[in-house]
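Trainee: Sequence and predicted model, in that order:
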Amino acid sequence: MNVYSNQYQNNQVMTASPEQILIMLYDGAIRFVRQAKFAIEDNRAGDKAIAISKAVAIITEFSNTLDYEVGGEIALNLGRLYDFMIRELSAVNARSEIERLLPVENILLDLREGFSGAAQINQHGTQLGVKAESAVGQVAVSF
């Protein structure tokens, strides 16, 4: 990446809302899962390990930021999903079982869509002058 691209990305993160950062992290995790899939298909074990490691790091951070007091059962269910994805990615890293990546990718895509929708609802409510608590932050994730 060149200097201008890095600067653009840094500005994008620095000016993003917590909800936007969450969506960017989901995008990253999805991208890394897909990179792992391509690396397995191309017999690039090192690239697979790096991509899985990055995906696991993001998902672990999601898990670490869950607020079980505020989120209750939703946070508990998210925690279970995050644990499942980490187990599956660890298994793929050990045995290159590419078929185990599909459920992880699908869960990440579904969660991204859900959090994106919640962020849009929150933004829309704020634009209308309604005091709206962040559906993402309030339900299960502490920022």
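Mentor: All right, it came through fine. Residues are numbered from 1 along each chain as shown.
Trainee: Now do the contacts for Glu88.
Mentor: 100-101, 103-104 (C-beta atoms under 8 Å, 6 or more residues apart in numbering). Bear in mind the C-beta positions are built from the backbone N, C-alpha and C, glycine included.
Trainee: Ala91 too?
Mentor: Contacts of Ala91 by C-beta under 8 Å, 6+ apart are 97, 100.
Trainee: and if we set it to 10 Å?
Mentor: Shown in contact with Ala91 (C-beta atoms under 10 Å, 6 or more residues apart in numbering): 52, 97, 100-101.
Trainee: Any buried residues in whichever strand or helix holds Arg80, and which?
Mentor: Assessed by DSSP states H and E, Arg80 sits inside helix 68-95. By 16 or more other C-beta atoms under 10 Å, the buried positions in helix 68-95 come out as 71, 75, 78-79, 81-82, 85-86, 88-89, 92-93.
Trainee: How about stretch 95-110?
Mentor: For stretch 95-110, using 16+ other C-beta under 10 Å, the buried residues are 96, 100-101, 104-105, 107-108.
Trainee: what would the buried residues of helix 68-95 look like in JSON lines with pLDDT and distance to Ala45?
Mentor: Listed next are those as JSON lines, based on pLDDT from 0 to 100; distance: C-beta to C-beta, whole Å:
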{"residue": "Gly71", "pLDDT": "93", "distance to Ala45": "37"}
{"residue": "Ala75", "pLDDT": "96", "distance to Ala45": "35"}
{"residue": "Leu78", "pLDDT": "97", "distance to Ala45": "31"}
{"residue": "Gly79", "pLDDT": "97", "distance to Ala45": "30"}
{"residue": "Leu81", "pLDDT": "97", "distance to Ala45": "27"}
{"residue": "Tyr82", "pLDDT": "98", "distance to Ala45": "25"}
{"residue": "Met85", "pLDDT": "98", "distance to Ala45": "21"}
{"residue": "Ile86", "pLDDT": "98", "distance to Ala45": "20"}
{"residue": "Glu88", "pLDDT": "98", "distance to Ala45": "18"}
{"residue": "Leu89", "pLDDT": "98", "distance to Ala45": "15"}
{"residue": "Val92", "pLDDT": "97", "distance to Ala45": "12"}
{"residue": "Asn93", "pLDDT": "96", "distance to Ala45": "9"}
